[in-house]
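Q: Provide a 3D model corresponding to the input given below.
(2 chains)
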2 protein chains.
Amino acid sequence: MFTPGPTEVHPQVLQAMVRPLQNPDLDPDFYTFYDDLCEKVKKILRTRNDIILTSGEAIIGLEAAIINTISPGEKMLAISSGIYGDGFANFARMYGGEPITVKFPYDEIIKPEEVEKVLEKEKDIEVATLVHCETPSGTLNPLKEIGEICRDHGVILIVDAVSSVAGVPVETDKWNVDINIVGSQKCISAPPGVGIISVSKNAWEKIEKRDKKNSIKGLYLNLLSWKRDWFENRIFPYTHTASLLYALDEACSLILEEKLENVFARHEKVAKATRLAVQAMNLELYPKEEKYCSNTVTAIKLPPRVEDEKLRNHMLQKYGVMIAGNWGELKGKVIRLGHMGYNAYPDKTIHAIFALSESLKDLGFKNSTENAVTILKKQL
Amino acid sequence: MFTPGPTEVHPQVLQAMVRPLQNPDLDPDFYTFYDDLCEKVKKILRTRNDIILTSGEAIIGLEAAIINTISPGEKMLAISSGIYGDGFANFARMYGGEPITVKFPYDEIIKPEEVEKVLEKEKDIEVATLVHCETPSGTLNPLKEIGEICRDHGVILIVDAVSSVAGVPVETDKWNVDINIVGSQKCISAPPGVGIISVSKNAWEKIEKRDKKNSIKGLYLNLLSWKRDWFENRIFPYTHTASLLYALDEACSLILEEKLENVFARHEKVAKATRLAVQAMNLELYPKEEKYCSNTVTAIKLPPRVEDEKLRNHMLQKYGVMIAGNWGELKGKVIRLGHMGYNAYPDKTIHAIFALSESLKDLGFKNSTENAVTILKKQL
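A: Here you go, the predicted model:
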């Protein structure tokens, strides 16, 4: 499973779920466990902001961030260079918001100065959204610079860091990320089913303001139910998914034991080696420039006359390696190697590159596996 | 853990989560597994309707059922004899619906003829909601009769069967339950984090009609995203929580191996014995009449001068048994024994009754543990 999330999961993380279930509503020991887990999550997100762990995957966080901040008729800046960036604008539109977009092609990354220009002009924008790593494109946006611009303009920044946190540096607090959304199944390499949302004081103020003007509806996606129930009264708004949190806890412990800087270095090494190997295979990276690439996922243009599904099925059936295709306008054109989290190790990467190269050869695309693997091994 | 969900979980069910994770979006074997799991769920719910399994707990189902059927300004019949029954009306109100209620006291159950009266009068009601087992009150409503009345009036029936399915008979199709909502952590005794929703053809028509008139917003709680993505195109609307589904699958297999009729008989036996033992302890059942009681949970009035939290903490600390308190107007007045699913076995029940009786004695309430346990053992 060399896909950009879900990734392979460390056996210790799976094993953590065998722990006899606690009653997450009533067992005082569960509350202690939960608090400790949130402290670990804070260390990984580099934040002192409030942490919400959801039962349900990270897309809950993306949708909730919009519902809870944007009133119907309100402008929002959707900074987008990819499918998920556009997704934020779609969520805003669904709920009656008016997204203004700063848009870059999917194979490029955002130029922060373009964000600044719009914020200079549109003074009534209070919220901006950004996707840090655009997983479908394999790109990484300049979060730090955009965070600073948003801070200077008093704008709340909502970030989808689902495929970047725990793979590349993300400084939630230093970079002014007001709402940061992360998934369990990407670089953290826990099973899917938990979303992580960090919420700053400024974001809470905006959420309260939005609620006063225009009451936020419902329960499951309502961040104020977390504020009122959990943060103010230590009651979970719903029965929590204890077993998945045991797994998340073990995955976070493994990351913190390894130390974040070592985790990032491991991702960087594997990613650079993968990019070199891919190019040695006569393949082209999808991002226009190598400096746009994320160290968590490599997006590759499919060579002419190689059919996406045929290639991936062949890889899976003959070599036991699963890689990802793509969606929307990238479907059938761009494939992806997910060297994130527990996947970002030499053995798994070599196995995946070998399988990709041999499969391409099997399907008639000329290239040398020896070249690719030799380059990879040298780098790793 | 003798709480009315989460319950104790069978070791085999926990062990199922150690299975190496499949990519739930991309692995063809996961799709086969998922289809098989849905067939098992259908057998337990006694339905041929479409099954949706959510990542996130059953309350998603309750909220989604309302959002997806009731338009702002639309009337809805909230049939309520308890806290969750009222909750359906609250969800409707939150989203701009106009609930009309048929209300009975929390210690009684619904009289079906009262439902009929309202439906005769209010001809424009298209949707009714009902909670089968009111867990906080320990009561079981006459679902079959109410289902028939709704069918005769062409009304879509939404049922919270969270604490009844797999504990007492629930005939989703025969009893005209259009949307049936069940949780993983109650009588099915899997870990919390998965909701089960069955949707009938009539319910889908109502959902489509509501959407045409008044577009259903969002993704996570939008049942139409399941219809369009999953049922029509075999794409999950979000990355599914594979590990929890492995556990749910194992839990469903255990139930089907035991056979539903045996599961119900086991619940009945344990419930009857518990009620007798509780009464032998000089305690009073909360439901006004014993025939109102659900076989999945026993609600007991706290005797005078025994403090709720003190009693439960004492039971947990001295005897290692956790039981549940209550909420809302029942808080501090009614405690609950959750003999459902994997809890509904003689050994666990005897342990719980012993702990309750001894704790009551420790706190100065006169009663004979010997009496209670003797009666219990004779019944079991």
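Q: geometric centre of chain A: which residue is closest?
A: A:V162 (1.6 Å; C-alpha atoms, centre = their mean).
Q: A helix includes it, no?
A: No. Using DSSP: H, G, I helix; E, B strand; the rest coil, the secondary structure at A:V162 is coil, not a helix.
Q: so how far is chain B from it?
A: Separation of A:V162 from chain B (C-beta to the nearest C-beta, to the nearest Å): 10 Å. All C-beta spots, glycine's among them, are computed from the backbone N, C-alpha and C.
Q: go ahead and confirm that residue touches A:G183.
A: Yes. Using C-beta atoms under 8 Å, A:V162 is in contact with A:G183, at 4.5 Å.
Q: pLDDT on stretch A:76-88, on average?
A: Mean pLDDT, stretch A:76-88: 97.
Q: A:V41: what's it in contact with?
A: A:I51, A:L53, A:I196, A:L248, A:C252 (C-beta atoms under 8 Å, 6 or more residues apart in numbering or on different chains).
Q: wait, is the third one part of a strand?
A: Yes. Residue assignment for A:I196, taken from three-state DSSP, places it within a strand.
Q: if we ignore the residues flanking it in sequence, what's nearest it?
A: Excluding the flanking residues, the one nearest A:I196 by C-beta to C-beta, 6 or more residues apart in numbering or on different chains is A:V182, at 4.1 Å.
Q: A:G96 sits in which helix or strand?
A: A:G96 belongs to no helix or strand when assigned by DSSP states H and E.
Q: out of the contacts of A:V41, which are inside helices?
A: A:L248, A:C252 (DSSP state H).
Q: re earlier: any residues in contact with both of A:V162 and A:G183?
A: A:G5, A:A58.
Q: so the residue nearest to A:I196 sits in a helix?
A: No. Secondary structure of A:V182 (three-state DSSP): strand, not part of a helix.
Q: of the contacts of A:V41, closest to B:D308?
A: A:L53 (28.4 Å; C-beta to C-beta).
Q: surely that closest one touches A:V194?
A: Yes. A:L53 is within contact range of A:V194, at 5.8 Å (criterion: C-beta under 8 Å).
Q: and the lengthiest helix in chain A, what does it pack against?
A: Longest helix in chain A by number of residues (criterion: DSSP H): helix A:260-280. Contacts defined by 3 or more C-beta pairs under 8 Å, 6 or more residues apart in numbering or on different chains; DSSP states H and E place helix A:260-280 against strand A:284-285, strand A:298-301, helix A:346-362, helix A:369-379.
Q: nearest to chain B, of those?
A: Across the helices and strands packed on helix A:260-280, chain B has its closest neighbour in helix A:346-362 (13.5 Å, C-beta to the nearest C-beta).
Q: tell me what angle that closest one forms with helix A:260-280.
A: Angle, helix A:346-362 to helix A:260-280, by axes from the mean of the first three to the mean of the last three C-alpha atoms, to 10 degrees: 20 degrees.
Q: tell me the gap between helix A:346-362 and the middle of its chain.
A: Put simply, helix A:346-362 sits 25 Å off its chain's centre (C-alpha atoms, centre = their mean, to the nearest Å).
Q: tell me the secondary structure at A:L77.
A: strand.
Q: which residues does it contact?
A: A:L77 neighbours (C-beta under 8 Å, 6+ apart): A:99-102, A:115, A:118-119, A:122, A:125, A:127-129, A:155.
Q: quick one, phi psi at A:E8?
A: phi -60, psi 150 (degrees, to the nearest 10).
Q: right, and it touches A:H339 too?
A: No. Applying C-beta under 8 Å as the test, A:E8 and A:H339 come out as separate, 10.9 Å apart.
Q: shared neighbours, the two?
A: A:K348.
Q: hey, C-alpha coordinates of the worst-scoring helix or strand of chain A on mean pLDDT in PDB?
A: Lowest mean confidence among the helices and strands of chain A (mean pLDDT, DSSP states H and E): helix A:369-379, at a mean of 92. Taking Å, rounded to 0.1, in the frame of the first residue of the first chain, the C-alpha atoms of helix A:369-379 are listed here in PDB:
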ATOM      1  CA  THR A 369      14.700  -0.600 -13.600                       C
ATOM      2  CA  GLU A 370      18.300  -1.100 -12.800                       C
ATOM      3  CA  ASN A 371      19.100   2.600 -13.300                       C
ATOM      4  CA  ALA A 372      16.100   3.700 -11.200                       C
ATOM      5  CA  VAL A 373      16.800   1.300  -8.300                       C
ATOM      6  CA  THR A 374      20.500   2.000  -8.300                       C
ATOM      7  CA  ILE A 375      19.900   5.700  -8.000                       C
ATOM      8  CA  LEU A 376      17.300   5.100  -5.300                       C
ATOM      9  CA  LYS A 377      19.600   2.900  -3.300                       C
ATOM     10  CA  LYS A 378      22.500   5.300  -3.600                       C
ATOM     11  CA  GLN A 379      20.300   8.100  -2.200                       C
END
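Q: in it, what counts as buried?
A: By neighbour count with 16 or more other C-beta atoms under 10 Å in any protein chain shown, helix A:369-379 contains the buried residues A:T369, A:A372, A:V373, A:I375, A:L376, A:Q379.
Q: can you list those residues in TSV and add distance to chain B?
A: As requested, these are exported to TSV (distance: C-beta to the nearest C-beta, whole Å):
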residue	distance to chain B
A:T369	24
A:A372	23
A:V373	24
A:I375	27
A:L376	23
A:Q379	26
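Q: closest one to A:L14 out of those residues, please.
A: Nearest member of the buried residues of helix A:369-379 to A:L14, counting by C-beta to C-beta, is A:L376, at 27.9 Å.
Q: nearest residue to the closest one in space, please, no chain neighbours.
A: Here the residue nearest A:L376, using C-beta to C-beta, 6+ apart, is A:A277, at 4.2 Å.
Q: the one you found contacts A:K377, correct?
A: No. Contact criterion C-beta under 8 Å: A:A277 and A:K377 do not qualify, at 9.2 Å.
Q: show me where the stretch 251-380 of chain A dips below the pLDDT cut-off.
A: Applying pLDDT under 70 to the stretch 251-380 of chain A picks out no residues at all.
Q: can you tell me how far the spatially closest residue to A:W230 that is not a sequence neighbour sits from A:A190?
A: Closest residue in space to A:W230, ignoring its immediate chain neighbours: A:F236 at 6.0 Å, by C-beta to C-beta, 6+ apart. According to C-beta to C-beta, to the nearest Å, A:F236 and A:A190 sit 19 Å apart.
Q: okay, those two: which has more neighbours?
A: It is A:A190, of A:F236 and A:A190, that has more neighbours when counted by other C-beta atoms under 10 Å in any protein chain shown, with 32 against 18.
Q: what helix or strand is the more buried one on?
A: Applying DSSP H and E, one finds A:A190 in no helix or strand.
Q: and A:E8 and A:H339? which has more neighbours close in?
A: In terms of neighbours (other C-beta under 10 Å), A:H339 is the more surrounded of A:E8 and A:H339; the figures are 30 against 20.
Q: with only the CA atoms kept, save stretch A:196-209 in CSV.
A: Taking C-alpha atoms only, stretch A:196-209 is exported to CSV below (Å, rounded to 0.1, in the frame of the first residue of the first chain):
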residue,chain,number,x,y,z
ILE,A,196,-7.8,16.4,14.1
ILE,A,197,-8.8,20.1,14.2
SER,A,198,-6.9,22.8,16.1
VAL,A,199,-8.7,26.0,16.8
SER,A,200,-7.1,29.3,17.8
LYS,A,201,-8.6,31.9,20.1
ASN,A,202,-9.1,34.2,17.1
ALA,A,203,-11.0,31.4,15.3
TRP,A,204,-13.2,30.8,18.3
GLU,A,205,-14.1,34.5,18.4
LYS,A,206,-15.0,34.4,14.7
ILE,A,207,-17.1,31.2,15.3
GLU,A,208,-18.9,32.8,18.2
LYS,A,209,-19.5,36.0,16.2
